[in-house]
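J.: Need coordinates for the below:
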Amino acid sequence: MSEITRVGVLAHPLRPQTFPVAEQIAESLRTRDIGAAVFTEWHDAEVAAVTDTFDLVIAIGGDGAMLRAARVCAPFDVPVLGINMGQLGFLTEVREPDQWPEVIDRVLARDYWIEQRMMLAAVVLRDGVSIAEAEALNDVVVSGDVVGRMIQLETHIDGQWTTTYNADGLVIATATGSTAYALACGGPVLPPELKNILVVPSAPHMSMDRPIVLSEGVTVEVRPSSSNRSGIAVTADGVYVAGLQPGDRVTVQASQHVSQFVRMRAHNYFYRSLLDRFEPRVRRSQASDEVES
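T.: Residues are numbered from 1 along each chain as shown. Below you'll find the model as predicted:
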């Protein structure tokens, strides 16, 4: 990352407690002759319009804030530093908001590394014409718009029919998304440096029920079966993209953009961070004793 001269500070619009933290960070940067812009009403188009003027974006909130910042910043190769003030904060680097002064000092001293994560690009086609496009860091999900009603999804990989899922939906995820919805559906955990596409059905019934791990270069195409009795929706990172009609197609492949996160922990931080959340009551000394016994 080049010299930092201008920073965007994104507070979570639905968490007012992030506003004063954002202002404090911005003021601290300004005292060091670094330009800082604070956003408390976060409209993606407005933020994207000025993102290319930033050398760094600081997102304050939880994983939702990180996903949103990643999607906006990736096309401009702007790295994101996350400060957790949300529920989980699995993607954020700074766990407690009162740690930000030390973190800013380290960033300005270039004591960090940049982690790159693959993203997905989704296109909804109707009569061969794109009607909606979206990018996702976690996942693209094709699901029914009626809870509890099964849908049928014909799935093709690189143009070849693979299977037809009878399920609540289909999750197409990155390695980053493998610890999100895909994990809840029974998918495997993939380390974030992997550039794979993960396909996992949600509540499958009498059809393929195992997750599939694909290489980076493939294209996954999903077509709703003509036998579906309810509507089908496409979302990207939980954001509505489009509703599908009979004959529509959804293509998902690796995006040309990658997300960049500022990291200060060791490069193998992912495994410890993951297990701390899965097994929060198991202390390191206890786990070590169990291995040694």
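J.: Isn't Glu23 up against Phe39?
T.: No: distance between Glu23 and Phe39: 11.3 Å, which falls outside the contact criterion (CB atoms under 8 Å). All C-beta atoms are positioned from the backbone trio N, CA, C, and that covers glycine.
J.: what is in contact with these two at once?
T.: Shared contacts of Glu23 and Phe39 (CB atoms under 8 Å, 6 or more residues apart in numbering): none.
J.: got any ranges where the stretch 151-293 of the chain has weak pLDDT?
T.: Per-residue confidence for the stretch 151-293 of the chain (pLDDT under 70) gives these ranges: 280-293.
J.: Which stretches in it count as strands?
T.: Per DSSP state E, counting those that start in this stretch, the stretch 151-293 of the chain has strands spanning 151-157, 160-167, 169-173, 197-202, 212-214, 219-224, 232-236, 239-244, 249-263. These are given in chain order.
J.: Need the ones you listed in TSV (columns: mean neighbour count and distance to Ala136).
T.: Supplementary listing: those in TSV, determined by neighbours: other CB atoms under 10 Å; distance: least, CB to CB, whole Å:
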stretch	mean neighbour count	distance to Ala136
strand 151-157	19	17
strand 160-167	17	19
strand 169-173	26	8
strand 197-202	25	11
strand 212-214	17	15
strand 219-224	20	13
strand 232-236	22	4
strand 239-244	18	8
strand 249-263	20	8
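J.: closest one to Thr179 among those strands?
T.: Shortest separation from Thr179 across the strands of the stretch 151-293 of the chain is recorded for strand 169-173, at 9.2 Å, computed as CB to CB.
J.: Nearest to Asp52, out of the strands of the stretch 151-293 of the chain?
T.: strand 249-263 (13.1 Å).
J.: Report the distance from the closest one to the chain centre.
T.: Using CA atoms, centre = their mean, to the nearest Å, the distance from the centre of strand 249-263 to the centre of the chain it belongs to is 9 Å.
J.: Please apply the same query to stretch 92-99.
T.: Centre-to-centre, stretch 92-99 and its host chain are 19 Å apart (CA atoms, centre = their mean).
J.: Next, format the strands of the stretch 151-293 of the chain as CSV and append distance to Pro13.
T.: Listed next are the strands of the stretch 151-293 of the chain as CSV, based on distance: least, CB to CB, whole Å:
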stretch, distance to Pro13
strand 151-157, 33
strand 160-167, 34
strand 169-173, 26
strand 197-202, 29
strand 212-214, 36
strand 219-224, 32
strand 232-236, 19
strand 239-244, 15
strand 249-263, 21
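J.: quick one: which of these is nearest Arg6?
T.: Counting by CB to CB, and looking across all of the strands of the stretch 151-293 of the chain, nearest comes strand 249-263 at 15.4 Å.
J.: Return the distance of Thr155 relative to Asp237.
T.: With distances defined as CB to CB, to the nearest Å, the gap from Thr155 to Asp237 amounts to 20 Å.
J.: tell me the contacts of the residue nearest to Arg95 when sequence neighbours are not counted?
T.: Taking CB to CB, 6 or more residues apart in numbering, and ignoring the residues beside it in sequence, Arg95 has Asn84 as its nearest neighbour in space, at 5.3 Å. For Asn84, the set of contacting residues under the criterion of CB under 8 Å, 6+ apart consists of Gly61, Gly62, Thr92, Val94, Arg95, Glu96, Pro97.
J.: Identify the residues contacting the closest residue to the fourth one other than its chain neighbours.
T.: When the adjacent residues along the chain are set aside, Val94 lies closest to Ile83, with 4.3 Å between them (CB to CB, 6+ apart). For Ile83, the contacting residues are Val21, Ile58, Ala59, Ile60, Gly61, Thr92, Glu93, Val94, Pro97, Gln99, Trp100, Val103, taking CB under 8 Å, 6+ apart as the criterion.
J.: Next step: these restricted to helices.
T.: Under the assignment DSSP state H, the contacts of Ile83 contribute Val21, Trp100, Val103 to helices.
J.: Among the contacts of Asn84, which one has the most neighbours?
T.: For the contacts of Asn84, neighbours were counted using other CB atoms under 10 Å, and Gly61 has the most, 27 neighbours in all.
J.: How much space separates the nearest residue to that residue once chain neighbours are set aside from Ala69?
T.: Excluding its sequence neighbours, the residue lying closest to Gly61 (CB to CB, 6+ apart) is His12, at 3.5 Å. For His12, the distance to Ala69 under the criterion CB to CB works out to 10 Å.
J.: Check what contacts stretch 21-40 and list those residues.
T.: With contacts defined as CB under 8 Å, 6+ apart, stretch 21-40 is touched by 4-11, 13, 19, 46-47, 50, 54, 58, 60, 83, 85, 97, 100-101, 104, 108.
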